[in-house]
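**Q** sharing a sequence plus its predicted fold:
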Amino acid sequence: MPDRSSVGRGAVRGFSIALDVALFSPRAHQLAVLLVAAADQRSGRAARARWALPSDSLRTDESLDEAASRIARGSLGAAPALLEQAVAQGGARRGSDGPDVRIAYFGLVPDLGGAPRDTSWVSIAELPALPPRQREEIDASIAEMRAQVDQQPIAFRLLPASFTLTDLQSVYELLLGRRLHKASFRRALHASALVEATDEWRSEGRGRPAQLFRYAPPRRKRQRRGIRFDLLT
């Protein structure tokens, strides 16, 4: 009979878990993702620019969520406003009997200025050459994020405490990658009770000042906090 303990040890040997983190932020009216420079690019060597998602291996003393938070903080210098697991990929590594598992997280980051050193905010419409796996992870992260937009109030993570309805609609459009019908959006927004008016107003050009709103927390536990609206093609 085979030694069960030796079979177990052999199955674990060489096991690798790594995390990639796709951090998204509104930049210049586009949705952008944070990329980090490759080591040879940071050193200033004359080589073709190479970029990648923030990434690292899971440490033995941390959970997946803790590892994703550490990687995001290391790239941003601060915690993102939202951080969620998007997708996991696995397979045998070349030249090794052990499996290689990679887990992708996505995060949302308000536009607070420029990118940290050795990083760059790049529009998702103009991504440079990336490892194929990471392109798949970015696509999967965007799909997961968009699936959550009408189920959870994640759009508010990208806004200040008070905002105009135009600001809010612009964030929804960036996250969804589509234009929204203004009147339908506002009807659905008010019906969802996601926002409440403040006594403040903000001037927006030559027109009338726009009223400021704020996010309205749910009044009941486990209350659905989604919003349905008509999309324009």
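**A** Great, that's in hand.
**Q** wasn't E137 part of a strand?
**A** No - under DSSP: H, G, I helix; E, B strand; the rest coil, E137 sits outside any strand and is assigned helix.
**Q** I'd assumed S55 was in contact with it.
**A** No - between E137 and S55 there is no contact under CB atoms under 8 Å: 9.7 Å. Any C-beta I mention is one placed from the backbone N, CA and C, and that applies to glycine too.
**Q** now what about stretch 109-119, what contacts it?
**A** Contacts with stretch 109-119, where a contact means CB atoms under 8 Å, 6 or more residues apart in numbering, come from 23-27, 34-37, 42, 75-77, 80-81, 121, 157-160.
**Q** more neighbours, E137 and S55?
**A** Neighbour count, other CB atoms under 10 Å: between E137 and S55, E137 has more, with 26 against 17.
**Q** gap between the more buried one and I103?
**A** Using CB to CB, to the nearest Å, E137 is found at 9 Å from I103.
**Q** overlap in contacts of the two?
**A** In contact with both E137 and I103: D20, V87, Q89, using CB under 8 Å, 6+ apart.
**Q** most neighbours, which of the residues you listed?
**A** Neighbour max across those (other CB under 10 Å) = D20, 25 neighbours.
**Q** shouldn't that residue be within a strand?
**A** Yes - counting by three-state DSSP, D20 falls inside a strand.
**Q** now do the same contact list for it.
**A** L53, P54, S55, R102, I103, A104, Y105, R133, Q134, E137.
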